[in-house]
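Engineer: could you look at this predicted model? Sequence included:
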Amino acid sequence: MIGNDIIDLSQSVLSYSPQRRKRWLQKIASSEELSLLKNWPEQLWPDILWAIKESVFKCQSRQQYSTKLIPHHIVLTSLHPADNGNAHGEVHFGSNSYYVRLHMSDELIHASASSTEDVVSWHWIKWGQIFDADDQSTLLRKKFLDHLQNQSDDIWHLSSNQEGLPIVSGPNGDSDKLSFSHHGQFGAWAYLPSHLFSFK
Amino acid sequence: MTSEELKDKILEIVTPYVQDQEALRDFSPETDFLKDLKVNSANLVDIILDVEDEFGISLDNEEMEQMVTVRSVIELLEKKVDQR
């Protein structure tokens, strides 16, 4: 299972007043989780934690779809800084464990989550302008198909399951190891290439 | 406040977070914030903070979890506001 989430920091909790940001964070974080974020600036904690939890929520949605707001069920248990604004960690959600990878820049935070340690391919795009959400979603899917086409000349097709979650079909069959996300000026995808290209 | 007045107040709170204003035309107790209004899930936290501010209440994790549809928020508010 794969999930990802991208946050445009110009339109995020970062722009809230310190008081509102603190209340917002209290709604999604435990004190144990906050202690894991000490390597990062405090004003980014809500966005970092949200991106991580939302990416895991999307993973879990492949198994059990829900529209409930349940950040307190999604528990960050480790987060380690790496080079170039990256970090990696682990999250527990019920009886499942997920691996999370985080990328941060001055403009965005991106998190991807997977249920295995397989290599996750992810990519983000900055739009030249702000589109409405439906247009962003359409453009992002088109860009992803272009990306696959660049990897292989096969015919690729995107569809959705009954909950609206994406499925990609190619020469080796279908894969649901795929996730899209968009927010503000940015769109992103994450997928497991091994599921698409394993028999090539 | 009646259920209808609570529904109107909830509509007022969620409107700034709904990108597709057309989706608000069918706003009813059955409306699901994520599925029907396509509210960005992070904005659900904002809606909860705004509900707390508007009604002078505090919502815990279990109550947050219940807030899926407009009806679920109306029922929660009827209970919480009575308890004040």
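Structural biologist: The structure has been received and is ready for your questions.

Engineer: relative to the whole chain's centre, how far out is the host helix or strand of A:C59?
Structural biologist: A:C59 belongs to helix A:45-61 when assigned by DSSP states H and E. How far helix A:45-61 lies from its chain's middle: 7 Å, per Cα atoms, centre = their mean, to the nearest Å.

Engineer: can you name the helix or strand that residue 5 falls in?
Structural biologist: Just going to use chain A. Judged by DSSP H and E, A:D5 forms part of strand A:2-8.

Engineer: try again with chain B
Structural biologist: Taking DSSP H and E as the definition, B:E5 sits inside helix B:3-14.

Engineer: with A:T138 instead?
Structural biologist: Here A:T138 sits within helix A:133-151, counting by DSSP H and E.

Engineer: ok, and does the next helix or strand after that helix reach over to chain B?
Structural biologist: As assigned by DSSP H and E, the chain's next helix or strand after helix A:133-151 is strand A:157-160. No: contact of strand A:157-160 with chain B (Cβ under 8 Å from any Cβ of the partner chain) is absent, the minimum separation being 13.6 Å. Placement of C-beta: from N, CA and C, glycine included.

Engineer: and the helix holding B:E5, what's buried?
Structural biologist: By neighbour count with 16 or more other Cβ atoms under 10 Å in any protein chain shown, helix B:3-14 contains the buried residues B:6-7, B:9-10, B:13-14.

Engineer: and for the helix holding A:T138, what are the contacting residues?
Structural biologist: Where contact means Cβ atoms under 8 Å, 6 or more residues apart in numbering or on different chains, the residues beyond helix A:133-151 that reach it are A:123, A:125, A:127, A:131, A:154, A:156-158, A:166, A:168, A:170, A:180, A:182, A:187-189, A:191, A:193, A:196-197, B:19-20, B:38.

Engineer: which parts of it are buried?
Structural biologist: Neighbour counts over helix A:133-151 (16+ other Cβ under 10 Å) mark A:136-137, A:140-141, A:144, A:148 as buried.

Engineer: likewise stretch A:150-167?
Structural biologist: A:156, A:165-166.

Engineer: mind picking the lowest-pLDDT entry from the residues you listed?
Structural biologist: Minimum pLDDT for these is recorded at A:L165 (90).

Engineer: where does chain B have low pLDDT?
Structural biologist: For chain B, the stretches flagged by pLDDT under 70 are B:84.

Engineer: can I get the helix or strand containing B:D53 in PDB, CA atoms only?
Structural biologist: Assigning secondary structure by DSSP H and E places B:D53 in helix B:41-55. The C-alpha coordinates for helix B:41-55 follow below in PDB (Å, rounded to 0.1, in the frame of the first residue of the first chain):
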ATOM      1  CA  SER B  41      -9.000  16.800   5.000                       C
ATOM      2  CA  ALA B  42      -6.600  19.200   6.900                       C
ATOM      3  CA  ASN B  43      -9.400  21.800   6.800                       C
ATOM      4  CA  LEU B  44     -11.500  19.400   8.900                       C
ATOM      5  CA  VAL B  45      -9.300  20.400  11.800                       C
ATOM      6  CA  ASP B  46     -10.000  24.100  11.000                       C
ATOM      7  CA  ILE B  47     -13.700  23.400  11.000                       C
ATOM      8  CA  ILE B  48     -13.400  21.700  14.400                       C
ATOM      9  CA  LEU B  49     -11.600  24.700  15.800                       C
ATOM     10  CA  ASP B  50     -14.200  27.100  14.300                       C
ATOM     11  CA  VAL B  51     -17.000  25.000  15.800                       C
ATOM     12  CA  GLU B  52     -15.300  25.100  19.200                       C
ATOM     13  CA  ASP B  53     -15.000  28.900  18.900                       C
ATOM     14  CA  GLU B  54     -18.500  29.500  17.700                       C
ATOM     15  CA  PHE B  55     -20.200  27.400  20.400                       C
END
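
Engineer: flag every buried residue along it.
Structural biologist: For helix B:41-55, a neighbour-count test (16+ other Cβ under 10 Å) marks B:41-51, B:55 as buried.

Engineer: do stretch A:170-185 as well
Structural biologist: Quick answer for stretch A:170-185 (16+ other Cβ under 10 Å): A:170, A:175-185.
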